[in-house]
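In: Sequence and predicted model, in that order:
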Amino acid sequence: MATHTADQKALVNLAALESWMDEQGLEQGAIGHVAKLAGGTQNVILRFRRGERDFVLRRPPPNPRPESNETMRREARVLQALGTTNVPHPRLIAACGDIEPLGTSFYLMEPIDGFNATSGLPSLHANSAEIRHRMGLAIVEGAAALGSVDYRAVGLSDFGKPDNYLARQVSRWQSQLAGYERYEGWPGVAGLPGVDVISNYLDSHCPSDFHAGIIHGDYSLGNVMYRNDGPELAAIIDWELATIGDPLIDLGWLLATWRGVPPVDLSVLVVEPWQGFPAPEELVAHYAAHSDRDLSAIDWYMILACFKLGIILEGTFARACAGRDPMDTGLALHETASRLFRRALHRIG
């Protein structure tokens, strides 16, 4: 049995976890082979073995945010709901919404046999443009599959507030951006190109109706894992932003973060080699072939995604200006935010 580092013991009380697992009837004996996995934002992800079975535990960060425990409960709930669908996702084993056993809510899921493309491609994928092309189509099919799930039928009727979901988006993110004014030293919206132009476009072109479904909320190459033996998805991961709204939000997010979207590429979510991956227009066409959703306003969804993600990233820069985050990180994310806004302006024309 592998030994545990002090860091791993600090992240999770293994004796308490063993007791809880005993109550759930999840294998027997001591927990061993504990390894910390990368992924998500600041959440703790540990892989371990107990008995003859491997598990992955996901819990909030060591210093949880006020909403962290509820976010973890929501993640577990959506994974449980997806268990009867064809959406590739981590299979939920058990969840604990109570903070008593470990000090936070947490859940256990099946390990995923796969890789994240932004961390590097295995030789099979790196040496085949045909496989990389299929990888691009597969991620689109994942979004379409999620968007086709009847959220009521899988028990998520109260998981979000789809009424006026799209109409609420612009003002919600305008308020977020305005809130950065409290950080001393932030240059303000003047440091981002075309804020008013983008806001006005989104307000005046907002789709009047949509068919509600499950949204992942951060759908990109950074949040999927591919199979080691081919180009298909192994799982869509990191469900902390999942809700009920318009699933075309996820397609728009994918387009906003995709390579080859003019006028400039992003410096994040980089995959090499890229040659072979589909062009953005092919992603849209492939989604249309796997969904009956109206894609006539897909530009709006892509522009909204650029706007929203840019504002999220700008928050780190604003905090850096006030000395609350590292400035090198802040400047890098500010540059990415600027590129996202330039993408939105180019698409508006």
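Out: Perfect, I can see it now.

In: all contacts plus neighbour counts: C-alpha atoms, from now on.
Out: Will do.

In: measure residue 120 to residue 176 for me?
Out: Separation of residue 120 from residue 176 (C-alpha to C-alpha, to the nearest Å) stands at 34 Å.

In: swap in residue 290?
Out: Counting by C-alpha to C-alpha, the gap between residue 290 and residue 176 amounts to 34 Å.

In: cool, residue 155 as well?
Out: Taking C-alpha to C-alpha as the measure, residue 155 falls 31 Å from residue 176.

In: Over to residue 234?
Out: Applying C-alpha to C-alpha to residue 234 and residue 176 gives a distance of 34 Å.

In: Who has more neighbours out of the two?
Out: Neighbour tally, residue 234 and residue 176, criterion other C-alpha atoms under 10 Å: the higher count belongs to residue 234, 21 against 15.

In: residue ranges of the helices in the protein, please?
Out: Along the chain, counting by DSSP state H, helices occupy 6-11, 14-24, 68-81, 123-126, 129-147, 165-179, 195-204, 248-256, 280-289, 298-321, 327-348.

In: Name the nearest residue to residue 223, sequence neighbours excluded.
Out: On the basis of C-alpha to C-alpha, 6 or more residues apart in numbering, the spatially nearest residue to residue 223 that is not a chain neighbour turns out to be residue 237, at 5.3 Å.

In: wouldn't the one you found be in contact with residue 92 here?
Out: No - counting by C-alpha atoms under 8 Å, residue 237 does not reach residue 92; the two are 11.9 Å apart.

In: Quick one: residues contacting residue 229.
Out: Under the criterion of C-alpha atoms under 8 Å, 6 or more residues apart in numbering, the contact partners of residue 229 comprise residue 124.

In: Please apply the same query to residue 114.
Out: Neighbours of residue 114 in contact, by C-alpha under 8 Å, 6+ apart: 225, 226, 227, 228, 234.

In: For residue 143, see how far away it is.
Out: Summarising the geometry, the distance separating residue 114 from residue 143, computed by C-alpha to C-alpha, is 18 Å.

In: Measure how buried residue 313 is and give me the count.
Out: Using other C-alpha under 10 Å, the number of residues around residue 313 comes to 21.

In: oh sorry, the question was meant for residue 247
Out: Residue 247 has 25 neighbours, counted by other C-alpha under 10 Å.

In: State the mean pLDDT of stretch 111-120.
Out: Stretch 111-120 shows an average pLDDT of 97 in the prediction.

In: meant to ask about stretch 157-175, not that
Out: Per-residue confidence for stretch 157-175 averages out to 96 on the pLDDT scale.

In: ditto for stretch 59-66
Out: Per-residue pLDDT values over stretch 59-66 give a mean of 88.

In: Restrict stretch 51-63 to CA atoms and write it as PDB.
Out: Presented in PDB, the C-alpha positions along stretch 51-63 are these (Å, rounded to 0.1, in the frame of the first residue of the first chain):
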ATOM      1  CA  GLY A  51     -10.000  -2.800  -1.700                       C
ATOM      2  CA  GLU A  52     -10.100  -3.800  -5.400                       C
ATOM      3  CA  ARG A  53     -11.500  -0.500  -6.700                       C
ATOM      4  CA  ASP A  54     -10.200   2.900  -7.700                       C
ATOM      5  CA  PHE A  55     -12.000   6.100  -6.800                       C
ATOM      6  CA  VAL A  56     -11.700   9.800  -7.400                       C
ATOM      7  CA  LEU A  57     -12.700  12.200  -4.700                       C
ATOM      8  CA  ARG A  58     -13.700  15.800  -5.500                       C
ATOM      9  CA  ARG A  59     -14.100  18.400  -2.800                       C
ATOM     10  CA  PRO A  60     -13.900  22.200  -2.400                       C
ATOM     11  CA  PRO A  61     -10.600  24.000  -1.900                       C
ATOM     12  CA  PRO A  62      -8.800  24.000   1.500                       C
ATOM     13  CA  ASN A  63     -10.200  27.500   2.100                       C
END
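
In: Deepest in the core, which of the helices of the chain is it.
Out: Compared across the helices of the chain, helix 248-256 shows the largest average neighbour count, a mean of 25 (mean count of other C-alpha atoms under 10 Å).

In: which ones are touching residue 308?
Out: Residues residue 173 are the ones in contact with residue 308 under the rule C-alpha under 8 Å, 6+ apart.

In: I'd like the distance between it and residue 217.
Out: Between residue 308 and residue 217 the distance is 11 Å, computed by C-alpha to C-alpha.

In: Check residue 47 too.
Out: 25 Å.

In: for residue 100, same thing?
Out: 29 Å.

In: ok, these two, which is more surrounded?
Out: Taking other C-alpha under 10 Å, residue 100 and residue 217 do not tie; residue 217 has more neighbours (20 against 10).

In: Settle this for me: that one is touching residue 245, isn't it.
Out: No - with contact taken as C-alpha under 8 Å, residue 217 and residue 245 are classed as non-touching, separated by 9.6 Å.

In: so residue 130 touches residue 274, yeah?
Out: No - with contacts defined as C-alpha under 8 Å, residue 130 does not count as touching residue 274, sitting 11.2 Å away.

In: quick one, what contacts residue 113?
Out: When contacts are counted by C-alpha under 8 Å, 6+ apart, residue 113 touches 227, 228, 234.

In: Same check on residue 186?
Out: For residue 186, the residues meeting the contact criterion (C-alpha under 8 Å, 6+ apart) are 180, 317, 318, 319, 321, 322.
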